[in-house]
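Participant: Structure for this input, please:
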Amino acid sequence: MYDVLEKYFGDLGWWPAETDFEVIVGAILTQNTAWTNVERAIRALKDKRLLDPRKIVGMKEERLSRVIRSAGYHRLKAQRLKAVSRFILTECNGALCRLKKKDTVELRKGFLSVNGIGPETADSILLYALGKPVFVVDAYTRRIFSRHALAREDDAYEDIQFLVRENFPMKEKTLNRFHAFLVETAKRFCGKRKKLCEKCPLREMRVHTKKTTKISGRK
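Facilitator: I've put the predicted structure just below:
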């Protein structure tokens, strides 16, 4: 699957950002909204020179929510941006290069302890901002895996991660590109309702099955 998609897409250059902190901000803002809305919110933060954990922690929540309004759920996301910024300042005084040296498992636990950060957001931060070899499981991944009889859409997050970990090279660059390929494939060809199977690069791999066995036996 990876080889087919790599040949089709090439390097998609994910995640689009100028700094690691921008990636983290984007991972928070992209929750339940389109990326175009996130880009507008990040641009607004940049225009006001607020894309910095210290400035986000220091500003009033009401003002921050106004700046990121385009991202939707702006009040809630302002709270989450302040929470993750406090975490970063506490852990490494804003120097993300220091976070990159920490153990992946402990670092993941730390991000999951931050209010509003779940497994998908935490893993997006670990992979795209901190270069850790983790696989991000999102709705696009679930959809494609289920339609190719690799997993069910309601399988546990950790079980789908286990499936990938046991059958795929756990290297940061490869995991980065694989997740990007799956997202792009889902957006272009594998919609929630609209399926363009005949045009999809994975068309020759499509498995016709009525039922996929639920993943089990995780170590």
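Participant: Now for Lys102, how many residues are close by?
Facilitator: Neighbourhood size, Lys102 [other CB atoms under 10 Å]: 15. Where C-beta positions appear, they are placed from N, C-alpha and C, glycine not excepted.
Participant: if I look at it, how far off is Phe135?
Facilitator: 19 Å (CB to CB, to the nearest Å).
Participant: How about Gly72?
Facilitator: Gly72 sits 26 Å away from Phe135, going by CB to CB.
Participant: Surely Leu182 and His148 touch.
Facilitator: No - Leu182 is not in contact with His148 according to CB atoms under 8 Å; the separation is 10.7 Å.
Participant: Pick out whichever of those two has more residues nearby.
Facilitator: Neighbours were counted for Leu182 and for His148 using other CB under 10 Å; Leu182 has more, 25 against 16.
Participant: Distance check, that one against Tyr73.
Facilitator: Leu182 sits 25 Å away from Tyr73, going by CB to CB.
Participant: What is the helix ranked longest in the chain packed up against?
Facilitator: For the chain, the longest helix by residue count, based on DSSP state H, is helix 74-92. Using 3 or more CB pairs under 8 Å, 6 or more residues apart in numbering; DSSP states H and E, the elements in contact with helix 74-92 are helix 20-29, helix 53-58, helix 61-67, helix 96-99, helix 104-112.
Participant: how about the CA coordinates for the fourth one, as CSV?
Facilitator: Same thing as helix 96-99. Extracted as CSV, the C-alpha positions of helix 96-99 are listed here (Å, rounded to 0.1, in the frame of the first residue of the first chain):
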residue,chain,number,x,y,z
LEU,A,96,11.5,22.2,21.5
CYS,A,97,14.8,20.8,20.5
ARG,A,98,15.1,19.6,24.1
LEU,A,99,11.8,17.8,23.9
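Participant: I appreciate the help and will end here.
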